[in-house]
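Novice: sequence-free structure coming up:
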Ligand SMILES: [Zn+2]
């Protein structure tokens, strides 16, 4: 590992008490082979390098040092017939660590209802869809059985539903596809990752109009985001966080980020937000999303 990479993977030994204890709602814990494939694709397409370890033990050491209490472990299936095994793997990881909040996924061409029911029965706390990579929009009717089960089991869904970082031409993302889902399933708690970048204003409007819509801060609000993506976190005003902190939650995309873990909270902490807003962002809202409060 180069010095720069070692520096990026290290975290602040004295966590800010506005941050701890924190929940990270957006972490990718997946089998090594899959992580390597995802990173390879991102390096090819975006030229990103990845300074972070991807094994559970090493990841949790960094997260714990930063003040993370629990994290949502998000799998996604880029092709059919792998979700079942992947979901079982994540569920097993959760048996070994109190930090893991296991999520599940399903591909549009799988037996969607069977895979999702099995995952929920095995303890999955929610679903994750990486829409552009899975080539499935939030309002794709093939996912209806998954959404009906999410409503039945009261489990939330986290979508990569925005056009960032390189999906502006994808037909599977964008605010209209997400809004169509929300209109069909207003009772299901649904989060759009990355503050909805690159359509942040439109996604904030959807959030403001729907009580079960959430956004996560991951990647988009990193103080280092400008180094790898054309986005300025300062473009989102403080008022968005103050007014909607009950439905905006901290996430990081760790360990598949080209910048330091610390930078994921650094920009947010540089704002002079009220203490109660920080508690929501870094902890309480994730519990709301998970249906714990
Ligand atoms: Zn992600």
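Specialist: Thanks, I have the structure now. Since we're looking at a predicted model, the values are computed, not measured.
Novice: can you map out the helices along the stretch 1-150 of the chain?
Specialist: Under the criterion DSSP state H, counting those that start in this stretch, helices of the stretch 1-150 of the chain are mapped to 3-9, 32-46, 56-66, 83-96, 112-121, 131-134, 144-153.
Novice: against which helices or strands is the shortest one packed?
Specialist: Read it as helix 131-134. Based on contacts counted as 3 or more Cβ pairs under 8 Å, 6 or more residues apart in numbering; DSSP states H and E, the elements that helix 131-134 packs against are strand 157-160. For the C-beta atoms, the positions are set from N, CA and C on the backbone; glycine is no exception.
Novice: what is the neighbour count of residue 161?
Specialist: By other Cβ atoms under 10 Å, 31 other residues sit near residue 161.
Novice: residue 244 now?
Specialist: 19.
Novice: which SS state does it fall under?
Specialist: Each residue gets one of three states, and residue 244 gets helix by DSSP: H, G, I helix; E, B strand; the rest coil.
Novice: how much space separates it from residue 223?
Specialist: To residue 223, residue 244 is 21 Å away according to Cβ to Cβ, to the nearest Å.
Novice: tabulate the helices of the stretch 1-150 of the chain (JSON lines), appending distance to residue 255.
Specialist: Supplementary listing: the helices of the stretch 1-150 of the chain in JSON lines, determined by distance: least, Cβ to Cβ, whole Å:
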{"stretch": "helix 3-9", "distance to residue 255": "8"}
{"stretch": "helix 32-46", "distance to residue 255": "8"}
{"stretch": "helix 56-66", "distance to residue 255": "6"}
{"stretch": "helix 83-96", "distance to residue 255": "14"}
{"stretch": "helix 112-121", "distance to residue 255": "23"}
{"stretch": "helix 131-134", "distance to residue 255": "17"}
{"stretch": "helix 144-153", "distance to residue 255": "26"}
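Novice: and the ones you listed, which is most packed in?
Specialist: Stretch with highest mean neighbour count among the helices of the stretch 1-150 of the chain: helix 131-134 (a mean of 22; mean count of other Cβ atoms under 10 Å).
Novice: all strands for the stretch 101-250 of the chain, in order.
Specialist: 127-130, 157-160, 190-192, 213-216, 248-249 (DSSP state E, counting those that start in this stretch).
Novice: who does the second one touch, helix- and strand-wise?
Specialist: Identification of packing neighbours for strand 157-160 by 3+ Cβ pairs under 8 Å, 6+ apart yields strand 127-130, helix 131-134, helix 144-153, strand 190-192.
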